[in-house]
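Student: Just the structure for this:
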Amino acid sequence: MKTMANHAVGAVALCLAACSPYGGGSFACTTDDSCGAGGVCESDGFCAFRDPSCASMLKYGASSGPNSNDCVPVVGGDGGVADAAPDTPPDEVCYGVGLVIPCFASAPTGAVTLSAAIDTDTFACSTVIGTSPGCVIAADTLTVTGTVSVTGTKPLVLVAVTVIDVSGTLDAASHAGGARGAAANAATCNPGTAPSGAHDGGAGGSFGGAGGNGGGGTGVAGATIVPAALQGGCPGQDGGGAAKGAHGDGGGAVYLIADGSIAITGTIDASGTGATGGQATQSGGGGAGTGGMIGLDSPTVTGGTIFANGGGGGEGATAGGSAGNPGQDPTTAAMPAAGGTGSTSGGDGGAGAAGPGATGMPGVAGTGGGGNGGGGGGAGVVKLYRATMIMGGSVSPPPS
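Tutor: The predicted structure is shown next:
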């Protein structure tokens, strides 16, 4: 009997209906390819698909005659029903059922501990079969301790045959004045309409949730995105004026896959940054960046602190020309990042998205000739596969 590690269970039902041309009844396969995506041609001539509820980890498809929708028997063992003679071993093993399904020539082995910064462009990533979804790090068990900052142009994908344990901080957030998170500011982002007025604030970026519009009304946030692939978050807009406030960057992208469990007692942060305030001459504050993307694919996920929140918008410059205050970076899952505030006439920046609302707040118009504030950044995306819920912890935005 062939076994295949974690071929896409979620794709099975779709494949039977959409990928498979066989319809109901009985179809005799000859190769794995004839079964469609994720299928295995068993030695009895019927197609089977990955299903963790079966002892063999495989279930016959709906077109397998009398075996339809039954678990494939375990070969030999303690009283198990013997299958036919084993087939040729599969030429790859794949993990995950969701947006990312990396495949390997053989099952990853060993225990890997990550405790230092990772640049996804230079790290010694694992070799995958076919197109890589980013920098993949694979092992039997993976542990994250201390603070692991994740930067670079590629997303980070962690794959464990058994367990991923995040007891430290996996930091794929972007930070004002510092590095961008891995794969931040994705090319697929919708930039919206940039502010046209010299005093107007820039809009916050939009990703899983919409950004807030800039104060003054001409900086308009772009549409939200339903990601078709693993990607980072989206930047906000620069403010208006010659001394405009600069935009905040979107958060980065990390994706965790484990066949056994994902245990998070620490933190996973993929948040965006706050924007800077207008610098002088009544200029507008910048719009903040969105949260990035966090993927969790495992039968069991226990949560510590998991968040991909938007940053706070920058404050408009004062009527007298003093710079507005910057918006804040997100620091917790539950509390929105504050927009810049405090000057006498510059408009406040909008708060960033956090929690179920998912939307950044708009920037505020200045008073007495002050510049207008920038909008807060929208929420990122948290994707959950196989597990029906994240047990415990604090998660923002809610998983989808």
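Student: count of neighbours near the closest residue to Gly219 other than its chain neighbours?
Tutor: Leaving aside its chain neighbours, Gly219 sits nearest to Pro195 (3.5 Å; criterion: Cβ to Cβ, 6 or more residues apart in numbering). The C-beta positions use only the backbone N, C-alpha and C, and glycine is treated the same way. Neighbourhood size, Pro195 [other Cβ atoms under 10 Å]: 32.
Student: likewise Gly240?
Tutor: Neighbours of Gly240 (other Cβ under 10 Å): 32.
Student: which residues does it contact?
Tutor: Listed by Cβ atoms under 8 Å, 6 or more residues apart in numbering, the contact partners of Gly240 are 195-202, 214, 216, 218-219, 283-284, 371-372.
Student: quick one: which of the residues you listed is most hemmed in?
Tutor: Gly201 (52 neighbours).
Student: Report how many residues lie close to Glu92.
Tutor: Counted by other Cβ under 10 Å, the residues lying close to Glu92 total 15.
Student: For Gln328, see how far away it is.
Tutor: Using Cβ to Cβ, to the nearest Å, Glu92 is found at 46 Å from Gln328.
Student: which ones are touching Gly313?
Tutor: Neighbouring residues of Gly313 by Cβ under 8 Å, 6+ apart: 201-202, 204, 212, 214, 236, 274-275, 285-288, 327, 339-340, 349-352, 360-361, 363, 373-377.
Student: any idea which element it lies in?
Tutor: For Gly313, there is no helix or strand it lies in under DSSP states H and E.
Student: what do you get for Leu384?
Tutor: Counting by DSSP H and E, Leu384 is part of strand 381-386.
Student: check contacts around the residue nearest to Ile390 when sequence neighbours are not counted.
Tutor: Nearest residue to Ile390 in three dimensions, chain neighbours excluded: Gly303, at 4.2 Å (Cβ to Cβ, 6+ apart). Listed by Cβ under 8 Å, 6+ apart, the contact set of Gly303 reads 264, 390-395.
Student: Give me the buried subset of the residues you listed.
Tutor: For the contacts of Gly303, a neighbour count by 16 or more other Cβ atoms under 10 Å gives the buried set as 264, 390, 393, 395.
Student: mind checking the backbone torsions on the first one?
Tutor: Ile264 has phi and psi values of phi -120, psi 100 when expressed as degrees, to the nearest 10.
Student: do you know how far it is from Gly201?
Tutor: For Ile264 relative to Gly201 (Cβ to Cβ), the value is 36 Å.
Student: The residue nearest to Gly233 when sequence neighbours are not counted: neighbour count?
Tutor: Excluding its sequence neighbours, the residue lying closest to Gly233 (Cβ to Cβ, 6+ apart) is Gly250, at 2.8 Å. Neighbourhood size, Gly250 [other Cβ under 10 Å]: 40.
Student: Please apply the same query to Gly61.
Tutor: 25.
Student: does it really touch Asp51, like I thought?
Tutor: No. Counting by Cβ atoms under 8 Å, Gly61 does not reach Asp51; the two are 10.3 Å apart.
Student: that older thread, would you mind checking which of the contacts of Gly240 is nearest to Thr141?
Tutor: For the contacts of Gly240, the residue nearest Thr141 by Cβ to Cβ is Gly202; the value is 44.4 Å.
Student: Let me see the contact set for the closest one.
Tutor: Taking Cβ under 8 Å, 6+ apart, we find Gly202 in contact with 194-195, 214, 219, 236-240, 244-245, 247, 275, 284-287, 313-314, 363, 374-375.
Student: are any of these buried, and which?
Tutor: 194-195, 214, 219, 236-240, 244-245, 247, 275, 284-287, 313-314, 363, 374-375.
Student: So which of these belong to helices?
Tutor: Residues of the buried ones among the contacts of Gly202 located in helices (DSSP state H): none.
Student: how close does the closest residue to Val381 other than its chain neighbours get to Gln328?
Tutor: Spatial nearest neighbour of Val381, chain neighbours left out: Gly208 (4.0 Å); criterion: Cβ to Cβ, 6+ apart. To Gln328, Gly208 is 20 Å away according to Cβ to Cβ.
Student: Give me the mean pLDDT for stretch 286-297.
Tutor: Taken as a whole, stretch 286-297 has a mean pLDDT of 98.
Student: Give me the distance between it and the centre of its chain.
Tutor: 7 Å (Cα atoms, centre = their mean, to the nearest Å).
Student: same deal with stretch 379-399?
Tutor: Worked out by Cα atoms, centre = their mean, stretch 379-399 lies 10 Å from the chain centre.
Student: quick one: terminal-to-terminal distance for it?
Tutor: Chord length of stretch 379-399, first to last residue, is 11 Å (Cα to Cα, to the nearest Å).
Student: can you check stretch 129-141 too?
Tutor: By Cα to Cα, the extent of stretch 129-141 from end to end equals 20 Å.
Student: Now that stretch: buried residues?
Tutor: For stretch 129-141, the buried set under the neighbour-count rule, 16+ other Cβ under 10 Å, comprises 132-141.
Student: same question, stretch 290-299
Tutor: With burial defined by 16+ other Cβ under 10 Å, the residues of stretch 290-299 counted as buried are 290-298.
Student: and if you look at stretch 361-372?
Tutor: For stretch 361-372, a neighbour-count test (16+ other Cβ under 10 Å) marks 361-366, 370-372 as buried.
Student: so which pair among those is furthest apart in space?
Tutor: Met361 and Gly370 (18.3 Å).
Student: Report the mean confidence score over stretch 164-184.
Tutor: In this model, stretch 164-184 has a mean pLDDT of 97.
Student: got the contact list for the closest residue to Gly252 other than its chain neighbours?
Tutor: Nearest non-adjacent residue to Gly252, counting by Cβ to Cβ, 6+ apart: Gly181, 2.2 Å away. Listed by Cβ under 8 Å, 6+ apart, the contact set of Gly181 reads 150-151, 171-174, 232-233, 249-253, 270, 292.
Student: hmm, back to that, let me know the next secondary structure element after the strand holding Leu384.
Tutor: Counting by DSSP H and E, what follows strand 381-386 is strand 390-391.
Student: What pairs with the very next helix or strand once past that following strand, parallel or antiparallel?
Tutor: Next helix or strand after strand 390-391 toward the C-terminus (DSSP H and E): strand 394-396. Looking at strand 394-396 with DSSP bridges, its partner strands are strand 305-307 (parallel).
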